[in-house]
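**Student:** Okay, sequence plus prediction incoming.
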2 protein chains.
Amino acid sequence: MSGLQYDVLGLGNAIVDVIARTDDDFLARENLNKGGMMLIDEARALSLYEVMGAGTVISGGSAANTIVGVASFGARAAFIGKVRADDPGHAFAHDIRAMGVHFPTAPAKEGPSTARCLVLVTPDGERTMNTYLGACQNLTPDDVDDALVQASAITYLEGYLWDPPAAKQAFLKASAIAHAAGNRVALTLSDSFCVDRYRDEFLDLIRKKTVDIVFANQHELCSLYQTADFETAVTALREENLLGVVTCSEHGSLVVTREETHAIAAFPIGRLVDTTGAGDLFAAGFLAGLSRSADYVTCARLGGLAAAEIIQHFGARPEVSLRDLAADCGMG
Amino acid sequence: MSGLQYDVLGLGNAIVDVIARTDDDFLARENLNKGGMMLIDEARALSLYEVMGAGTVISGGSAANTIVGVASFGARAAFIGKVRADDPGHAFAHDIRAMGVHFPTAPAKEGPSTARCLVLVTPDGERTMNTYLGACQNLTPDDVDDALVQASAITYLEGYLWDPPAAKQAFLKASAIAHAAGNRVALTLSDSFCVDRYRDEFLDLIRKKTVDIVFANQHELCSLYQTADFETAVTALREENLLGVVTCSEHGSLVVTREETHAIAAFPIGRLVDTTGAGDLFAAGFLAGLSRSADYVTCARLGGLAAAEIIQHFGARPEVSLRDLAADCGMG
């Protein structure tokens, strides 16, 4: 652990997930892009909810899931994200604080309701997400507390923050403060369609050294470099000269720096139930590893362990203590 | 199936569950009676929620869980229960209708909020429930539609309805209508502490033939007859001369009539996760069996199958089609 107060500070959309089982026919009928994240307005959120199956409600949000995972590994974690002062907003705040995360962001007293993501899980375990951003649109640079960023060894930002207009300014502010304090900044590319929306800006973040660490899955990386060839994308990432962490589902992960590339096998699982949060929790394990100054291979193994836990049940919040799980697996 | 429109109509408290993992120390610290159901007021619901862990929100309510199970077996099901027109009330209505259940009860436009049950699950899989009845207290005989009861082969009532004062009148009205139409009435004793609160009234329901079928677990049955000896309680039940169905956790179940007693083994499980809903879903399987005129042993086996499904995951709503599950197990 660093001498700072927090190991990882996350900045992201504060979302409550409503998860339901479905089938491919339903996705086709509703014109949903299987495996993706689609932004929807409140009217669509209501109409889609009407026709979807019975829901299980669990707090979510990509960076928030990661931060909860970091805390579950025993690292010191904080989160900045915007809810409204309504029932789901109260639940989001309760759930993240119950996991030991410092969550200081004031809820919005008016405006859109707390964000929700309608997550549809097909029998193959794939999840299709439909997000109403709601109160996340009210996250502004004012919500970024300088002292908190300065006190956090790594500030972790989600690419999804490029969707709500004011949030990207909060993102840039956080990065500037972190770097001025000599701390590191990490970015997850979030989703290949998200990369498609903001490719040039994301490349800018990387090339102007706004971020030091990049998390992506293979689809996001290929989208970033507009290539169908994964090797080409990895080579391009290597040339960015930062720390790149690339997940490849059941094929494990790659850690890519200018000097070296490590390939790490996926952690074996019993039964795939719901892929929601796989990338989020991989990042959690990797960041938890960095916070204890582990080598990159160990970081990636911790990431794989957390991802394996999360995809064997519904929802993107760990059901067991990841610290205990790591200890049980000889990675404590 | 009968010639009537519905196989089973349930009447019960309409509740949304908030489920969290905990440990025995927490239960002791909060003075909670492990394995029981405790009624709490709204202030206590808020203060307990503050200190409990991150929650998973899934619709619940004992009879509602049973009715959803009945529908999942492919039987025709309806439910009467009171929510308020708020977010959790909307979720409850959505979830039960999404399972194909006819749910005509109008939500309360004012008064207490929708009922919630804070369910605390210990590592041994036992659940401890803390229920704020909220809008359930507004269920009245006016919510019982004569035609719906007349159109339902079995009306299924939960003992918990004795807690909200006006609901018991709704219960008695439903029983009278059902019997006038020549239909059957079933009762679950709900909880041993509930039996302790209303022992004389429950015995009255049985002895005055207000109910024809009684579901209970061994603790509830022993509480009903104020004996520590299970055999004594079963003998007393036999003498009531109705259809008694008694569940004994991992030891299976008994079907008790004046003429005969059948013992049926429990369905084997992999891993016990959360016992919430075990009794509710046993009743679902048994009632689904009755609706297809199965013999009592088959009914109890269907009950055991549904109970086994529900205790292997969080929450008291089935995660798979029970009809498909029964077919896969040769009980279709």
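**Tutor:** Nice, I can see it.

**Student:** end-to-end on stretch A:176-189?
**Tutor:** Stretch A:176-189 has an end-to-end distance of 19 Å (criterion: CA to CA, to the nearest Å).

**Student:** Kindly report the same for stretch A:147-163.
**Tutor:** For stretch A:147-163, the end-to-end distance is 26 Å (CA to CA).

**Student:** what comes up buried for that stretch?
**Tutor:** By neighbour count with 16 or more other CB atoms under 10 Å in any protein chain shown, stretch A:147-163 contains the buried residues A:148-163. In short, each C-beta sits where N, CA and C put it, glycine included.

**Student:** Filter those down to the ones in strands?
**Tutor:** Members of the buried residues of stretch A:147-163 lying in strands (criterion: DSSP state E): A:152-158.

**Student:** how many other residues sit next to the residue nearest to A:C329 when sequence neighbours are not counted?
**Tutor:** Nearest-residue entry for A:C329: A:L305, 6.1 Å, with adjacent residues in sequence omitted and distances by CB to CB, 6 or more residues apart in numbering or on different chains. Residues lying near A:L305 (other CB atoms under 10 Å in any protein chain shown) number 24.

**Student:** Likewise for A:H90?
**Tutor:** With other CB under 10 Å as criterion, A:H90 counts 16.

**Student:** Is it within a helix or a strand, and which one?
**Tutor:** helix A:87-98 (DSSP states H and E).

**Student:** in that helix, what counts as buried?
**Tutor:** A:87-96, A:98.

**Student:** ok, and which of the residues you listed reach chain B?
**Tutor:** A:87-88, A:91, A:94-96, A:98 (CB under 8 Å from any CB of the partner chain).

**Student:** As a markdown table, the residues you listed with pLDDT would be great.
**Tutor:** Converted to a markdown table, those look like this (pLDDT from 0 to 100):
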| residue | pLDDT |
| --- | --- |
| A:D87 | 94 |
| A:P88 | 96 |
| A:A91 | 97 |
| A:H94 | 98 |
| A:D95 | 98 |
| A:I96 | 98 |
| A:A98 | 97 |
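
**Student:** Look up how far A:A308 lies from the residue of the stretch 151-300 of chain A found nearest chain B.
**Tutor:** At 9.3 Å from chain B, A:V273 is the closest residue in the stretch 151-300 of chain A, using CB to the nearest CB. From A:V273 across to A:A308, the span is 11 Å (CB to CB, to the nearest Å).

**Student:** Please apply the same query to A:G36.
**Tutor:** From A:G36 to A:A308 the distance is 23 Å (CB to CB).

**Student:** And for A:N13?
**Tutor:** A:N13 is 25 Å from A:A308, by CB to CB.

**Student:** of these two, who's got more company?
**Tutor:** Remark: of A:N13 and A:A308, A:N13 carries more neighbours, 28 against 21, as counted by other CB under 10 Å.

**Student:** Next, count neighbours for A:N183.
**Tutor:** Using other CB under 10 Å: A:N183 sits among 21 other residues.

**Student:** Point out where the stretch 1-150 of chain A drops to low pLDDT.
**Tutor:** A:1-2 (pLDDT under 70).

**Student:** Which positions in it make contact with chain B?
**Tutor:** A:20-21, A:49-50, A:52-59, A:68, A:86-88, A:91, A:94-96, A:98-99.

**Student:** Quick check: chain neighbours aside, which residue is closest to the most centrally placed residue in chain A?
**Tutor:** Centroid-nearest residue in chain A, with CA atoms, centre = their mean: A:S62, separated by 3.1 Å. The shortest distance from A:S62 to any non-neighbouring residue, by CB to CB, 6+ apart, is to A:E158 (4.7 Å).

**Student:** Quick check, pLDDT for that neighbour.
**Tutor:** Note on A:E158: pLDDT of 96.

**Student:** list the contacts for it?
**Tutor:** Shown in contact with A:E158 (CB atoms under 8 Å, 6 or more residues apart in numbering or on different chains): A:10-13, A:62-63, A:187-188, A:190.

**Student:** now do 7 Å
**Tutor:** Each residue near A:E158 by CB atoms under 7 Å, 6 or more residues apart in numbering or on different chains is listed here: A:12-13, A:62-63, A:188, A:190.
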